[in-house]
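*Asks:* Have a look; sequence and predicted model below, questions after that.
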Amino acid sequence: MPIGGGLTTRGPRNLLRQIREAMAGAAPAQVRLDQVVKIIAQSMVAEVCSIYLRRGSGDLELFATEGLNRDAVHNTRLKIGEGLVGEVARMAQPISLSDAPSHPSFSYRPETGEDPYHAFLGAPLLRGGRAIGVLVVQNRAERRYDPDEVEDIQTIAMVLAETVANGELLALEELRDVEVAPHRPERHKGQRFAEGLAFGHVVLHEAPLAPEKLLADNTQVEEIRLREALIALKAGIDSMLDGSHGSMAGASYEVLETYRMFADDRGWNRSLEEAVRGGLTAEAAVDRVRNEHRARFAQARDPYIKERLHDFEDLANRLLRVLAGDNPGHRDLPDDAILVARNLGPADLLEYPRNKLKGLLIEEGSAASHAAIVARALQIPCVGRLLGLRDRLSEGDLVIVDGETGEAHLRPRPDMLESVQSRMAVRDQRQAEFARLRDVAAVTADGTRISLLTNAGLAVDLENLNETGAEGIGLFRTEFQFMVSEQLPRLDTQTALYKLVLDAAGDRPVTFRTLDIGGDKVLPYLETEREENPALGRRAIRLGLDRPALLRLQLRALLAAGANRELRVMFPMIATVDEFRAARELVDIECEWARRRGRPLPALLRVGAMIECPSLLWHLDALLPLTDFVSVGSNDLFQYMYAADRTNPLVSDRYDPLSPPALRALQTIQRVCAETGTPVSVCGELAGRPLEAFALLTLGFTRLSAPAGGVGPVKRMILSADLTAAKRGMTNLLGSSAGSIRNEIESLARKLNVAI
Ligand code: PEP
Ligand code: MG
């Protein structure tokens, strides 16, 4: 037998075809597998060819061999990391050695009879970035496999991985324990982003497309397809970057810049070309290189490097879409879709049909991000911070979203599903209890009347207004309409929505918050500057004042919608009194504009400011006389007080709002408002959580605006609370030197039998 030298015919195409034919035969699975190793050994001019597959236990089992002792088949087992084969699986990378026995990882297995073989080349069988097996060739002579051979064995390994996973190679009973894709139940602990329970089938946001055809009929054609797709990919990114599709703000721009850099990455381009030259279709080449990257990056601890993996992944997905000529926006969703995303913006979420979306699982994100806020507004149970989740599930898997415990259950056992279904029934009962409270006035046990309002932003939220029995809308986030539009909503479209909201609310008050764009809320069609720090950048009112035409258009729509009735408007992110004055002046200008044209004005117009920037705390005496009311946006107020980006999971949960500094700040606002007779509400997420809302009541707040899901639980708390006693307890706690007084507040509430 000649000493190695690569495939007898250049490129593994012929070999891959032979493997396909062998597999398609009618012989029993083991016979076909034996044939496959024989064909590979012959083609690679190797004396040994073996296939190891990973059992559910995690061990690698010798499934077939040409050249080693046949008795070892199904007997020899190696742990991940054990021996060279285990090492290939652990590293998910090929290993090529001229003298394997002298390598420290070599693990001698007498039953295999591999003593005489020196040269070793092993490649992982990769699926979803995990090694599901190892393909090995060995030669007697001490020789180095050349790079083409290493390339070839990886291509063969890819085809094998695919066929094993498809069940083409082995009978199902053989395959049963082999972990070709995670198939066992798993439980993952994350963080609660939106309350509630749901189960359904996984839909991957930006689903990685699996190539339908692995082997090329014509390599040259595939080379051209790949080249053209790469050009189109780069041109697409360029055109987004240079703004011809509307420019991006901050984070999106950076992501695209990184993509552009990676799209030019020589290593990536070369790997793709080589894979195609080896006989794969362009799609299969992208998939293979993606798998290799995934496997390699999965080893990395450094979050920056892991982040780069995602960039490559997204890039590969984009490339696959270019190849498929696919439009990702139009996908068929199951009726019980559980969306799984690495991360997604609020606009992404709003693109999915609400009626089909039952739950949401996010690998990253933070509870204070706007995507999480949208999930809560839509009452879609959501668990976030589930690192590595996407690698543990496949599109279509059954999953449970437990927004109560902050867990995700993948492929749950029937009993688990049953238990969740019964909890859902209990939850429904509790909801029914809240529904019974719907028409009960929110009065504390000792007689303080509380105004309990709800937050909204979309037309669908209007249903919640009736269902929850909220007394009105304390915060209408007008930017949501802009985020779901393809283009800037026109005057009449804006007016129509505001009218609809006011009509639906009837006598109940509605407070419209003017556009709060920037930070994590990006409008792709709005030209904005790129900013290093979007959260500290030209957000909200800052943008409105810089682009008065935009803000004036919105004010015009609001005034028109509010004609002859009460209209309440407030401005977000006010940091100075001058900003408020300037914004209010625009309201006056618009009123004058309407008056001159004889248009009816609101019967009562109230203009307020959101307190979200800490600077205002020391200028309330100047601000409050200018306003008709204020509302505390605690999400932003604490983000800025603690200098912790609310969208950055590394810092967003580091500080507890139930802490003396945060509560004292709130107390100051409440006191000064009370002294000056300025109506004040709290409309951050805080107001929707019973314990936090309890703390707000003890500080003297009597007006809360909560997300729809929080109205019932907060009302129940209000009805049970004796504020006189609670306020005394809180005064003591506020003097605490502890960083967080959450436990103490909880004990206080429990002692007073408050339903938190
Ligand atoms: C807030 O900041 O608390 C708030 C209500 O506004 P948003 O969450 O929309 O920024
Ligand atoms: Mg805010």
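*Replies:* It's in. Numbering: from 1, shown residues only. Ligands and ions are numbered 1, 2, ... in the order given.
*Asks:* got the CA coordinates for stretch 617-637 in PDB?
*Replies:* Listed next in PDB are the C-alpha coordinates belonging to stretch 617-637 (Å, rounded to 0.1, in the frame of the first residue of the first chain):
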ATOM      1  CA  LEU A 617     -33.200  66.800  41.600                       C
ATOM      2  CA  TRP A 618     -31.300  69.900  42.500                       C
ATOM      3  CA  HIS A 619     -33.400  72.200  40.400                       C
ATOM      4  CA  LEU A 620     -37.000  71.100  41.200                       C
ATOM      5  CA  ASP A 621     -37.700  74.500  42.700                       C
ATOM      6  CA  ALA A 622     -37.100  76.100  39.200                       C
ATOM      7  CA  LEU A 623     -38.700  73.300  37.200                       C
ATOM      8  CA  LEU A 624     -41.900  72.500  39.000                       C
ATOM      9  CA  PRO A 625     -43.400  76.000  38.600                       C
ATOM     10  CA  LEU A 626     -43.000  75.700  34.800                       C
ATOM     11  CA  THR A 627     -44.800  72.300  34.700                       C
ATOM     12  CA  ASP A 628     -48.400  71.200  35.100                       C
ATOM     13  CA  PHE A 629     -47.200  67.800  36.300                       C
ATOM     14  CA  VAL A 630     -44.200  65.600  36.400                       C
ATOM     15  CA  SER A 631     -43.600  61.900  36.100                       C
ATOM     16  CA  VAL A 632     -40.700  60.000  37.400                       C
ATOM     17  CA  GLY A 633     -39.000  57.700  34.800                       C
ATOM     18  CA  SER A 634     -37.200  55.600  37.300                       C
ATOM     19  CA  ASN A 635     -35.700  53.300  34.600                       C
ATOM     20  CA  ASP A 636     -33.700  56.100  33.300                       C
ATOM     21  CA  LEU A 637     -33.300  58.000  36.500                       C
END
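*Asks:* Give me the buried stretch members for it, please.
*Replies:* 617, 620, 623-624, 627-637 (16 or more other CB atoms under 10 Å). From N, CA and C alone the C-beta is placed, and that goes for glycine too.
*Asks:* now do stretch 477-491
*Replies:* Neighbour-count burial for stretch 477-491 [16+ other CB under 10 Å]: 477-484, 489.
*Asks:* and what of stretch 719-729?
*Replies:* So stretch 719-729, judged by 16+ other CB under 10 Å, has buried residues 719-721, 723, 725-726, 729.
*Asks:* And stretch 558-565, by the same measure?
*Replies:* Going by neighbour count (16+ other CB under 10 Å), the buried part of stretch 558-565 is 558-563, 565.
*Asks:* near ligand 2, which residues of this structure show up?
*Replies:* For the chain, the residues found near ligand 2 under the criterion CB under 5 Å from the ion are 612, 633, 636.
*Asks:* Look up the pLDDT of the residue positioned nearest the centre of the chain for me, please.
*Replies:* The centre of the chain sits closest to N343, judged by CA atoms, centre = their mean, with a distance of 2.6 Å. On pLDDT, N343 comes in at 81.
*Asks:* cool, R294 as well?
*Replies:* 75.
*Asks:* For the helix or strand harbouring it, which helices and strands make contact with it?
*Replies:* Secondary-structure element containing R294, defined by DSSP states H and E: helix 282-298. For helix 282-298, the packing partners by 3 or more CB pairs under 8 Å, 6 or more residues apart in numbering; DSSP states H and E come out as strand 119-127, strand 130-139, helix 147-166, helix 219-241, helix 266-277, helix 303-324.
*Asks:* so can I have JSON lines of the ones you listed showing mean neighbour count?
*Replies:* What follows is the helices and strands packed on helix 282-298, written out as JSON lines (neighbours: other CB atoms under 10 Å):
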{"stretch": "strand 119-127", "mean neighbour count": "26"}
{"stretch": "strand 130-139", "mean neighbour count": "26"}
{"stretch": "helix 147-166", "mean neighbour count": "22"}
{"stretch": "helix 219-241", "mean neighbour count": "16"}
{"stretch": "helix 266-277", "mean neighbour count": "18"}
{"stretch": "helix 303-324", "mean neighbour count": "18"}
